[in-house]
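Undergrad: Let's see this in three dimensions:
(one chain, ligands or ions: 3)
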Amino acid sequence: MSVLESINGPDDLKRLDAGELSRLTVEIRDFLVEAVSQTGGHLGPNLGAVELTVALHRVFDSPRDRILFDTGHQAYVHKLLTGRRDFSRLRRRGGLSGYPSRAESDHDIIENSHASTALSYADGLAKAFALRGEHDRSVVAVVGDGALTGGMCWEALNNIAAGADRPVIIVVNDNGRSYSPTIGGLASHLAHLRVTRGYERALDMIKKTVPRAPVVGPVAYEALHGMKKGLKDVFQPQAMFEDLGMKYVGPIDGHDVEATEHALRRARAFGGPVIVHCITRKGYGYAPAENNEEDCMHGGGAFDPATGESVGKGGVGWTKVFAREMVDIGAERPDVVGITAAMLHPVGLAPFAEAYPDRIFDVGIAEQHAATSAAGLAMGGLHPVVAVYATFLNRAFDQVLMDVALHRQAVTFVLDRAGVTGDDGASHNGMWDLSILQIVPGMRIAVPRDGARLRELLRECLDVSDGPTALRFPKGQVIDDIEAVDRVGGMDVLARHTGSNGARVLLVAAGSMAATAVDVADRLSAQGIGVTVLDPRWVKPLDPALLDEARRHTLVAVVEDNGRVGAVGDAVARLLRDHEVDVPIRTFGIPQEFLDHASRAEIIAEIGLTSQGLARDIIETVARSGETTTTEQPAPTRE
Ligand SMILES: Cc1ncc(C[n+]2csc(CCOP(=O)(O)OP(=O)(O)O)c2C)c(N)n1
Ligand SMILES: CC(=O)[C@@H](O)[C@H](O)COP(=O)(O)O
Ligand SMILES: [Mg+2]
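TA: Ligands and ions are numbered 1, 2, ... in the order given. Okay, the predicted model is just below:
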């Protein structure tokens, strides 16, 4: 039996001796590589958190003690040690989530995969335990060096530091990277701390060679204290944390279970807010990950465990189309600059950065700062492109609204992973942007249906100089270009079928739903229903030509890969209503719910956004409206 199999609960883990612990970490690494190679997932971050997580569960008593994971992508080891061993369906429908999940275990508490939140949760939990008199419960937050570049962390640290009577143990899992090496002043501070490993050893050496202070005279004590202070000033500038009122322990080798345990026990015994600075390596123990320059196999799909090479998923993604066009634009537009929030490669700005190294800004995991800094760049005469995943724009809503739009600054937000993403769970679906941006005065939103329109609309965004623009596209492979058969105002007509019965449907497809809409049109046409497929290209503001087009139809149907509430469908309905165009309208989109993890295809089918599902719903709607639906028999006349 393997050591891992012998662990049926935290107490079993605590009983292991050094040799068994060493075997356990090897088994866990082998397990992770094998399992994640099949399903895909966050291999690099989890390989870096093996010893750290083992030490955490040996020192603390989860779930009575709460162990929080910031972002949560590095919690696979935590799951293994809390009884979840079937990773065969990791991130797949019915399988383990790729992040902590309250439905899976009461050892899990944070499900939101948006970074930089754990310290705020920890502050709240610690206050609750203190108020409830539960002083024996520890609150431990594991936060990465990347997540620490997020502003919320510093808001939380400001509060945690004030809570001497409600200790929070902050474990900084410092591997020096987000995807790429972490940037900024904090990162260089942590880097400085990292290189002062000698400080702890030098300090220990002093403590061991000189008897403890009480037995030495005042002169010797002063000399010892002076040496320690000298060491601190020279080696250990952790003043930043201690000036905040936080005790600092470290830097610790986060791959040494014993050392990490010792530091965690010291931290727990301290009884006040304390930072335990653990130095780890992303991908540790698996050479293809450790040596992966781009992101240490941070995330991604299935791969060959022997080489780390990804398997499957060829073709050109939407992101690559954006990346290439940005390089071309960069040559033509010296005013265009790029901003990323610690995701240079994932959002496709790496080629632009390579071509124009002075015109790219990685601000860390700091979307709020990205948006307002972009407003500053625009005020300074440049045109910034802020590239983020759609779901992470939520974090910067007020900055988009008040710092950019109120000032009518020409900032372009490029939102990748818009729509259902699926396997990263509820907090990663890009299903909010078309709703939240609809209410931003002066914001213009472009939704390309294919690669050609992405290139076109990106340039149109960059030609807007009197306010913000946003452009969004989904995760995955870009679809084949769909050429228009006609144009109405600024909108593309993708298909027109005359019907053989009174029904005429205007099918408005936002962005990448166009391909589905064209297929829906074929299905409707086969039922004798007339249909026009319209790609608005811009969904804010809507083109007034939509009004006359709607008047020529008996039903308007709007389909979008966004939450239904307050998005394109609602905007079209409001436009028709405001102009008294009395044509019935149906809106199709993502239900306004938090969706469990599954593949994008599974979710799209489940929520009825396939061409079969949409056609069925529209045909039923037409039938209910009394228009005949088939050429064979007329619809039953109303009695
Ligand atoms: C608000 C937000 N922006 C971006 C991301 C995407 N993201 C996921 S993990 C990650 C890097 C996290 O780095 P770090 O906190 O150091 O953890 P590590 O992966 O190094 O263990 C980023 C940027 C996110 N999850 N949340
Ligand atoms: C944890 C995190 O926020 C990302 O790493 C997320 O997994 C998105 O991954 P993709 O880039 O594969 O969409
Ligand atoms: Mg990191």
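
Undergrad: Take the helix or strand hosting residue 569, keep the C-alpha atoms, and write them as CSV.
TA: In this structure, residue 569 sits in helix 568-578 according to DSSP states H and E. Output in CSV follows, covering the C-alpha atoms of helix 568-578 (Å, rounded to 0.1, in the frame of the first residue of the first chain):
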residue,chain,number,x,y,z
VAL,A,568,-27.9,42.3,-26.0
GLY,A,569,-31.3,40.7,-26.0
ASP,A,570,-32.6,43.1,-23.4
ALA,A,571,-31.0,46.0,-25.2
VAL,A,572,-32.8,45.1,-28.5
ALA,A,573,-36.1,44.7,-26.6
ARG,A,574,-35.7,48.1,-25.1
LEU,A,575,-34.9,49.6,-28.5
LEU,A,576,-38.0,48.1,-30.1
ARG,A,577,-40.1,49.2,-27.1
ASP,A,578,-38.7,52.7,-27.0
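
Undergrad: Which residues of the stretch 251-400 of the chain lie near ligand 2?
TA: The stretch 251-400 of the chain has residues 299, 346 near ligand 2, with proximity defined as CB under 6 Å from any ligand atom. C-beta here means a position set from N, CA and C on the backbone, and glycine is covered the same way.

Undergrad: How about the residues of this structure by ligand 1?
TA: Looking at ligand 1, the residues of the chain close enough under CB under 6 Å from any ligand atom are 45, 48, 71, 73-74, 113-115, 144-147, 173, 175, 177-179, 282, 298, 341-343, 365, 367, 392, 395.

Undergrad: which ones among the residues you listed are found in helices?
TA: With DSSP state H as the criterion, helices contain 45, 367, 392 from among the residues of the chain next to ligand 1.

Undergrad: Touching, the second one and residue 392? I think so.
TA: By that I understand residue 367. Yes: with contacts defined as CB atoms under 8 Å, residue 367 counts as touching residue 392 at a distance of 5.3 Å.

Undergrad: quick one: common contacting residues for these two?
TA: With contacts taken as CB atoms under 8 Å, 6 or more residues apart in numbering, the residues that reach both residue 367 and residue 392 are residue 341.

Undergrad: Check whether the longest helix belonging to the chain comes near ligand 2.
TA: When the chain is parsed with DSSP H, its longest helix is helix 18-39. No: using CB under 6 Å from any ligand atom, we find that helix 18-39 stays clear of ligand 2, coming within 12.3 Å at best.

Undergrad: Which other helices and strands does that helix contact?
TA: Counting contacts by 3 or more CB pairs under 8 Å, 6 or more residues apart in numbering; DSSP states H and E, helix 18-39 packs against helix 3-6, helix 43-47, helix 50-59, helix 76-81, helix 257-270.

Undergrad: just the ones you listed: most buried one?
TA: When neighbours are counted by mean count of other CB atoms under 10 Å, the highest per-stretch mean among the helices and strands packed on helix 18-39 falls to helix 43-47, a mean of 29.

Undergrad: Does it reach ligand 3?
TA: No: against ligand 3, helix 43-47 shows no contacts by CB under 5 Å from the ion, the least distance being 7.3 Å.

Undergrad: what's the neighbour count on the residue in the stretch 201-350 of the chain that ligand 2 sits nearest to?
TA: Among the residues of the stretch 201-350 of the chain, residue 299 lies nearest to ligand 2; the distance is 4.0 Å by CB to the nearest ligand atom. The number of residues packed near residue 299 is 17, by other CB atoms under 10 Å.

Undergrad: got the contact list for it?
TA: The neighbourhood of residue 299, defined by CB under 8 Å, 6+ apart, consists of 40-42, 44, 73.

Undergrad: With residue 45 instead?
TA: Contacts of residue 45 were listed using CB under 8 Å, 6+ apart, and they are 73-74, 144, 175, 282, 298.

Undergrad: Need these in JSON lines (columns: distance to ligand 3, neighbour count and pLDDT).
TA: Below are these laid out as JSON lines (distance: CB to the ion, whole Å; neighbours: other CB atoms under 10 Å; pLDDT from 0 to 100):
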{"residue": "73", "distance to ligand 3": "10", "neighbour count": "22", "pLDDT": "98"}
{"residue": "74", "distance to ligand 3": "9", "neighbour count": "26", "pLDDT": "98"}
{"residue": "144", "distance to ligand 3": "4", "neighbour count": "31", "pLDDT": "98"}
{"residue": "175", "distance to ligand 3": "4", "neighbour count": "26", "pLDDT": "97"}
{"residue": "282", "distance to ligand 3": "6", "neighbour count": "29", "pLDDT": "97"}
{"residue": "298", "distance to ligand 3": "9", "neighbour count": "24", "pLDDT": "97"}
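
Undergrad: Determine which two of these are furthest apart.
TA: Every pair in the contacts of residue 45 was compared (CB to CB); the two farthest apart turn out to be 73 and 175, at 12.6 Å.

Undergrad: just checking, what's the longest strand in this protein?
TA: The strand spanning the most residues in the chain, taking DSSP state E as the definition, is strand 555-563.

Undergrad: Please state the offset of it from the chain centre?
TA: Relative to its parent chain, strand 555-563 has a centroid offset of 25 Å by CA atoms, centre = their mean, to the nearest Å.

Undergrad: Strand partners (parallel or antiparallel) of that strand?
TA: With DSSP bridges as the criterion, the sheet partners recorded for strand 555-563 are strand 504-509 (parallel), strand 585-590 (parallel).

Undergrad: CA atoms of that strand as PDB?
TA: Once side chains and other backbone atoms are set aside, the C-alpha atoms of strand 555-563 remain, and they are given as PDB (Å, rounded to 0.1, in the frame of the first residue of the first chain):
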ATOM      1  CA  LEU A 555     -40.700  37.700 -34.600                       C
ATOM      2  CA  VAL A 556     -37.300  38.900 -33.400                       C
ATOM      3  CA  ALA A 557     -35.000  36.400 -31.700                       C
ATOM      4  CA  VAL A 558     -31.700  37.500 -30.200                       C
ATOM      5  CA  VAL A 559     -29.000  34.900 -29.300                       C
ATOM      6  CA  GLU A 560     -25.800  35.700 -27.300                       C
ATOM      7  CA  ASP A 561     -23.100  33.800 -25.400                       C
ATOM      8  CA  ASN A 562     -23.600  35.900 -22.200                       C
ATOM      9  CA  GLY A 563     -25.900  36.000 -19.300                       C
END
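
Undergrad: Give me the pLDDT for residue 228.
TA: With respect to pLDDT, residue 228 scores 59.

Undergrad: Check residue 239 too.
TA: We have a pLDDT of 71 for residue 239.

Undergrad: ok, it to residue 331 distance?
TA: Counting by CB to CB, to the nearest Å, the gap from residue 239 to residue 331 is 45 Å.

Undergrad: Please apply the same query to residue 256.
TA: Computed as CB to CB, the residue 256 to residue 331 distance reads 50 Å.

Undergrad: Looking at these two, which one has more neighbours?
TA: Between residue 256 and residue 331, counting by other CB under 10 Å, residue 256 is the more crowded of the two (16 against 10).

Undergrad: ok, that one - contacts?
TA: Under the criterion of CB under 8 Å, 6+ apart, the neighbours of residue 256 are residue 51.

Undergrad: Could you tell me the phi and psi values at it?
TA: Dihedral angles phi and psi of residue 256 (degrees, to the nearest 10) take the values phi -110, psi 100.

Undergrad: One more: residue 445?
TA: Backbone dihedrals for residue 445, given as degrees, to the nearest 10, come out at phi -120, psi 120.

Undergrad: count of neighbours near it?
TA: Counted with other CB under 10 Å, residues neighbouring residue 445 total 29.
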